[in-house]
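>>> using only what follows, build the 3D model:
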Amino acid sequence: MTSIYIGRQPIYTRDQSVYAYELLFRDGDANRANIDDPDRATSQLIVNALTEFGLRNIVDDKLAFINLTRNFTTGTFPIPGAQSQLVLEILEDIELDKQVLAGIVRLKHQGYTIALDDFIFHPHLKPLVQIADIVKLDVLQMDAESLRSHVTALKRYKVKLLAEKVEDHAMFQQCLDLGVDYFQGYFFCKPNVIAGKRTPANRLALLNLLTKLSSPDIGTAELEKLIAQDVTLSFRLLRYINSSQYSVGNTVDSIKHAIMLLGLNTVRSLCYLIVISTVEDKPFELFITALIRAHMCECLAAVFDDKAQQPAYFTVGLLSVLDAMMDQPMQKVLEQLPLREDIRLALLQHEGRMGKALQYAVSYERGEWDEIKPSDVSSDQIRAIYLRAIAWCKEFTDSMAQANAA
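Numbers count the residues shown, from 1 in each chain. Here you go, the predicted structure:
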């Protein structure tokens with residue numbers, strides 16, 4: 001069977017909640033294989049990936065954007081159902097002729113949502129805009145005036161506008177002000193550093209707690225005392241440990257019991273998770289990103305034959321979003337945390353095996369698969385780790401929600 005990379009990138013609403021995911025696909029051997037018919041190969045790859053993995057396992061109940069080749073658009077290759085969940089992206093390099101236009105109309109009548117990818121408006125494309133539900137604008141390819149004129153022109157039609165490749169908060173705000181409906185990019189993973197802005201009190205308290213949790217000298221008694229001092233943390237920790245995520249048998253009714261049962265490093269990692277999840281003025285997807293990176297790094301530790309350090313790998317992945325959480329440069333955030341030097345270097349410079357694991361996790365999430373060396377981890381391994389991380393993340397968030405609701 002052909003090796004497949006499969007990834008997802010979130011698409012946000014104006015309030016930064018997740019509206020959908022764009023699914024990314026690539027043949028693991030695409031850079032080396034001699035493919036005589038890339039259109040057919042890509043089409044088959046999409047079908048295989050969707051039927052092999054299942055949409056629900058990748059995007060849960062969210063919409064899934066997928067790119068269409070000409071053969072999919074015209075009906076040469078069938079689309080595997082899921083009309084209520086698929087958004088079909090018409091690529092910008094597909095020549096608009098009668099056959100393509102008829103195919104798009106047919107797909108629309110079948111119940112699919114139609115999106116136009118990397119769209120540049122021209123009068124002859126008006127029939128396409130009239131059919132479409134969503135128009136995607138590549139903001140990196142437009143200056144401010146071009147973006148404004150496109151938004152103005154397209155607002156005349158009954159379409160939603162999606163700004164893609166939004167890489168910083170300034171561009172997000174610009175698009176927000178123009179009335180764009182959806183956003184795609186990595187602005188949410190970057191700090192919004194504004195000179196003179198004070199760090200909110202709740203995030204200062206969070207950083208203070210993380211500082212104490214990060215102490216390399218903390219022992220069982222010290223950790224127990226630290227957790228017990230925070231009533232909310234104690235409550236959430238015990239509720240989560242007693243949830244369906246952990247099959248601990250007897251009820252865990254004390255922090256000391258939890259540490260004895262699960263170990264100091266596991267309890268500390270859970271505390272990290274719970275503390276970071278309490279940040280309320282950041283999109284929840286940032287927490288999801290932290291969870292997926294953490295689990296991927298933990299799994300990569302085994303691939304790198306470094307199982308003994310799995311808790312440290314987990315911590316590296318989890319803390320990789322701290323700059324975005326705190327709206328401070330990572331260097332400044334880490335100056336306030338007494339972390340081990342190898343963890344600091346992994347977070348700042350992607351040094352060492354932990355740094356490599358983090359680099360691979362981030363590269364995979366962004367679809368930058370050429371950055372992952374097959375000599376370190378195969379496409380099959382990294383894909384399995386990514387999908388496992390998504391499943392683990394859903395189990396964790398579901399268990400935490402059940403624990404908090406109990």
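
>>> ranges for the strands of the stretch 101-250 of the chain?
With DSSP state E, counting those that start in this stretch as the criterion, the stretch 101-250 of the chain has strands at 113-116, 134-138, 160-164, 182-184.

>>> let's have those strands in TSV, adding distance to Gln229 and mean pLDDT.
Backbone N, C-alpha and C define where each C-beta goes, glycine included. Output for these, formatted as TSV (distance: least, Cβ to Cβ, whole Å; pLDDT from 0 to 100):
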stretch	distance to Gln229	mean pLDDT
strand 113-116	50	96
strand 134-138	49	96
strand 160-164	44	97
strand 182-184	39	97
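
>>> looking at those strands, which is closest to Ile259?
strand 182-184 (41.8 Å; Cβ to Cβ).

>>> which neighbouring elements make contact with that closest one?
Contacts defined by 3 or more Cβ pairs under 8 Å, 6 or more residues apart in numbering; DSSP states H and E place strand 182-184 against strand 4-12, strand 18-27, strand 160-164.

>>> that strand pairs with which strands?
Its sheet considered, strand 182-184 pairs with strand 4-12 (antiparallel), strand 160-164 (parallel) by DSSP bridges.

>>> out of those, which is closest to Leu233?
Judging those by Cβ to Cβ, what sits closest to Leu233 is strand 4-12, at 28.0 Å.

>>> how about the closest one: buried residues?
Ile4, Tyr5, Ile6, Gly7, Arg8, Gln9, Pro10, Ile11, Tyr12 (16 or more other Cβ atoms under 10 Å).

>>> swap in stretch 220-227?
In terms of neighbour count (16+ other Cβ under 10 Å), stretch 220-227 has its buried residues at Leu223, Glu224, Leu226, Ile227.

>>> as CSV, those residues with pLDDT would be great.
CSV is the format used below for the buried residues of stretch 220-227 (pLDDT from 0 to 100):
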residue, pLDDT
Leu223, 88
Glu224, 89
Leu226, 86
Ile227, 87
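
>>> restricted to helices, list those.
Leu223, Glu224, Leu226, Ile227 (DSSP state H).

>>> residues in contact with the residue nearest to the second one when sequence neighbours are not counted?
Just to be clear, that refers to Glu224. Computed as Cβ to Cβ, 6 or more residues apart in numbering, the closest residue to Glu224 that is not its neighbour in sequence is Ile255, at 4.8 Å. Shown in contact with Ile255 (Cβ atoms under 8 Å, 6 or more residues apart in numbering): Leu223, Glu224, Ile227, Ala228, Ser234, Leu237, Leu238, Val267.

>>> now render the strands of the stretch 101-250 of the chain as JSON lines, adding mean neighbour count.
Shown next, in JSON lines, are these (neighbours: other Cβ atoms under 10 Å):
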{"stretch": "strand 113-116", "mean neighbour count": "23"}
{"stretch": "strand 134-138", "mean neighbour count": "23"}
{"stretch": "strand 160-164", "mean neighbour count": "23"}
{"stretch": "strand 182-184", "mean neighbour count": "22"}
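
>>> let's have those in CSV, adding distance to Pro191.
Converted to CSV, these look like this (distance: least, Cβ to Cβ, whole Å):
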stretch, distance to Pro191
strand 113-116, 30
strand 134-138, 24
strand 160-164, 20
strand 182-184, 17
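
>>> Leu204: which of the contacts of Ile255 is nearest?
Nearest to Leu204, judged by Cβ to Cβ, of the contacts of Ile255 is Ile227 at 19.3 Å.

>>> would you format the helices and strands packed on strand 182-184 as CSV with distance to Leu140 included?
Output for those, formatted as CSV (distance: least, Cβ to Cβ, whole Å):
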stretch, distance to Leu140
strand 4-12, 15
strand 18-27, 16
strand 160-164, 8
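
>>> show me the one of those that comes nearest Leu178.
Closest among the helices and strands packed on strand 182-184, using Cβ to Cβ: strand 160-164, at 8.3 Å.

>>> contacts for that closest one next, please.
Identification of contacts with strand 160-164 by Cβ under 8 Å, 6+ apart yields 11, 115, 118, 133-139, 151, 154-155, 171, 175, 179-185.

>>> would you map out the domains in the chain?
With domains defined by automatic domain parsing, the chain comprises 4-189, 201-405.

>>> fine, thanks again, bye for now.
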